[in-house]
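Engineer: build me a model from this:
(one chain, ligands or ions: 1)
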Amino acid sequence: MEEVIKVEQLFKSYGRLVAVNNLNISVKPGMVFGLLGANGAGKSTAIECILGTKRSDSKEISILGMNPQRERKKLFEKVGVQFQEANYQDKITVSELCEVTQSLYKEGTNYIELLKQFGIIDKLNSPVQELSGGQRQRLFVILALLSNPEVVFLDELTTGLDTKARRDVWKILSGLKAKGLTIFLTSHYMDEVEALCDCICILKHGRTVFYGTVQEAINSSPYDKLEDAYLWYTEEEEKDDEDLSNNA
Ligand SMILES: Nc1ncnc2c1ncn2[C@@H]1O[C@H](COP(=O)(O)OP(=O)(O)OP(=O)(O)O)[C@@H](O)[C@H]1O
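Structural biologist: Numbering: from 1, shown residues only. Sure, this is the predicted structure:
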């Protein structure tokens, strides 16, 4: 297969607000792809449209060659999704939530091993509600990996994690990538993007303002650090707009 994720001319609006405007994405097997942009740029909307959980207009959207709306059940055996907040029963424990989630899939992976890798094995019998924000975040990444997926979508992967936990998550994901996992992530942390992403797309008000590698993003900007280049891409248009209005 040439592309694990293919998106052509994706448009999504909420009433008069155009949240995603002509988005094109191509993710090859084993690649880590990062969708970046400020709050409200359209990242979560784009992910939901790609996964088919939100309706959109597009020329084509496919994951592993399948249409996410038409081939939902088959597709979700092979696709992991990390939710920002999962729905779970009040008193459910970590092991119970892992069991319930795993039971949704034909093939599963060893969640005990994942809990160990992600450093929350001591919480096995704790209610999910009693986990700290960072521990819960790690649990949601684990849940996304339980089906032993070929591709995983991670929305704001390490938000709320401490420095060591972030590094640990990066290491685990790099290991999974080495085994062939394709990863689609969103992140607000440029160090994370530099550590993980082979290709990035920067959105601004739903439009793509940069698409390419981290190095290309830096090279095409006046800066030599990704964070500065990223801010330049996301702020430049506003400067132009201001110039235009000043000259008007
Ligand atoms: N259900 C909705 N109805 C109306 N507008 C929405 C809805 N969901 C999102 N929006 C708007 O669409 C735009 C894109 O939102 P989206 O959540 O996709 O951004 P994001 O890039 O994921 O932001 P963040 O980094 O804050 O998570 C925003 O202006 C948001 O207010």
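Engineer: what's near enough to touch the nearest residue to V152 once chain neighbours are set aside?
Structural biologist: With Cβ to Cβ, 6 or more residues apart in numbering as the criterion, V152 has its nearest non-adjacent residue at 3.9 Å, and that residue is G80. Backbone N, C-alpha and C define where each C-beta goes, glycine included. Residues near G80 by Cβ atoms under 8 Å, 6 or more residues apart in numbering: 143-147, 149, 151-153.
Engineer: excluding chain neighbours, what is closest to the most centrally placed residue in the chain?
Structural biologist: For the chain, the residue sitting closest to the mean C-alpha position, by Cα atoms, centre = their mean, is L185 at 2.4 Å. Using Cβ to Cβ, 6+ apart and skipping residues adjacent in sequence, the residue nearest L185 is L154, 4.3 Å away.
Engineer: C98 too?
Structural biologist: Among residues not flanking C98 along the chain, Y111 sits closest, at 4.1 Å (Cβ to Cβ, 6+ apart).
Engineer: can you check E227 too?
Structural biologist: Excluding the flanking residues, the one nearest E227 by Cβ to Cβ, 6+ apart is M190, at 4.2 Å.
Engineer: again with A229
Structural biologist: The spatial neighbour of A229 that comes closest, neighbours along the chain excluded (Cβ to Cβ, 6+ apart), is S221 at 3.7 Å.
Engineer: do the same with L196
Structural biologist: Using Cβ to Cβ, 6+ apart and skipping the chain neighbours, the partner closest in space to L196 is V32 (4.9 Å).
Engineer: the one you found: neighbour count?
Structural biologist: 22 (other Cβ atoms under 10 Å).
Engineer: go on, Q137?
Structural biologist: Applying the criterion other Cβ under 10 Å, we find 22 residues in the vicinity of Q137.
Engineer: pLDDT below threshold where in the protein?
Structural biologist: Confidence mapping of the chain against pLDDT under 70 gives the ranges 1, 84-87, 236-248.
Engineer: give the contact list for the spatially closest residue to V151 that is not a sequence neighbour.
Structural biologist: Closest residue to V151 apart from its sequence neighbours, by Cβ to Cβ, 6+ apart: T182 at 4.2 Å. If you count contacts by Cβ under 8 Å, 6+ apart, T182 has them with 4-5, 27-33, 150-152.
Engineer: now go through the residues you listed and say which are in strands.
Structural biologist: 5, 27, 32-33, 151-152 (DSSP state E).
Engineer: re the thing from before, from the contacts of T182, pick the one nearest the ligand.
Structural biologist: Set against the ligand, the nearest of these by Cβ to the nearest ligand atom is F33 (15.3 Å).
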